[in-house]
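Chemist: Starting from these lines, generate the structure:
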Amino acid sequence: MTLPQLFKQNGYRTLSFGKVFSGNERELDPISWSEPEVLRRTGWKNYLLPHNQGKGKKQAAYEVADVAEAAYPDGKLSDLAVKTLENLKQGGGPFFLAVGFFKPHLPFNAPRKYWDLYDGAAFELPDELRDPVKLSPEIALHSHRELGGYKGVPNDEDLDVNQSRILRHGYYACVSYVDAQVGKVLDALERLGLGQNTIVVIRGDHGFALGETNGSVPLIVKS
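Modeler: This is a model prediction of the structure:
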């Protein structure tokens, strides 16, 4: 039994936007959700700049585009979630709303305003880059192919200092971008008077693969 299925069986209206169930299997959807999922796969490798688009080629590990928040999928998701909360407020009744934001997953694509929050040249790089064999756990030395699958990123060789800084810059930009989208949804809950009787759970589907073996999975519960 899935979590939304349990709520659905107990009279809740269950809705799913974005990356909630990973994978392409859809057999659990009808028993889990009151309506078909929305924007389930649109967040993967979503590029806006013309030179980053096109099939059959390696794509960039990051993108800096001077666009509105809703130009990327996570901005669309937050707008959709807010509109849905407004409709749920009018309709009454209990609801289970799952909003699966994609960032800060690779590629690090975010509107320019979030890149501009940080000075990329000021990022300090970890000591492990100077002597990874001595200063890193063994798991950190494995060849991880996901990052190496992007344009301009080596599969097995070390990243140079400039690459490391810009990728870290992109990660920070994406964290700030998705943080703003979460804030937009939480603000709507309060504005609509739903915050006092709504349990909010923020969780990740895995930790980051930076020597942490996908541990440190985020989980925050507000009740």
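
Chemist: how about the helices in the protein?
Modeler: In the chain, the helices defined using DSSP state H lie at 3-9, 29-32, 73-91, 112-115, 132-135, 145-148, 161-191.

Chemist: Those helices: which one's closest to residue 121?
Modeler: With C-beta to C-beta as the criterion, residue 121 lies closest to helix 161-191 of these, at 7.0 Å. In short, each C-beta sits where N, CA and C put it, glycine included.

Chemist: hmm, back to that, rank the helices of the chain by pLDDT, which is bottom?
Modeler: In terms of average pLDDT, helix 132-135 trails the rest of those, at a mean of 63.

Chemist: any idea how far residue 74 is from residue 192?
Modeler: For residue 74, the distance to residue 192 equals 21 Å [C-beta to C-beta, to the nearest Å].

Chemist: Looking at these two, which is more packed in?
Modeler: Higher neighbour count among residue 74 and residue 192: residue 74, with 29 against 15, using other C-beta atoms under 10 Å.

Chemist: Surely the more buried one touches residue 104?
Modeler: No: judged on C-beta atoms under 8 Å, residue 74 makes no contact with residue 104 at a distance of 9.7 Å.

Chemist: Touching both of those two, which residues are there?
Modeler: Common contact partners of residue 74 and residue 104 (C-beta atoms under 8 Å, 6 or more residues apart in numbering): 177-178.

Chemist: ok, back up a step: distance to residue 60 for the helices of the chain - can I get that in a markdown table?
Modeler: Shown next, in a markdown table, are those (distance: least, C-beta to C-beta, whole Å):
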| stretch | distance to residue 60 |
| --- | --- |
| helix 3-9 | 35 |
| helix 29-32 | 32 |
| helix 73-91 | 16 |
| helix 112-115 | 14 |
| helix 132-135 | 25 |
| helix 145-148 | 12 |
| helix 161-191 | 10 |
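
Chemist: Can you check which of these gets nearest to residue 22?
Modeler: For residue 22, the closest of those is helix 29-32, at 13.0 Å, according to C-beta to C-beta.

Chemist: Spatially nearest residue to residue 38 (excluding sequence neighbours)?
Modeler: Nearest residue to residue 38, sequence neighbours excluded (C-beta to C-beta, 6 or more residues apart in numbering): residue 17, at 4.9 Å.
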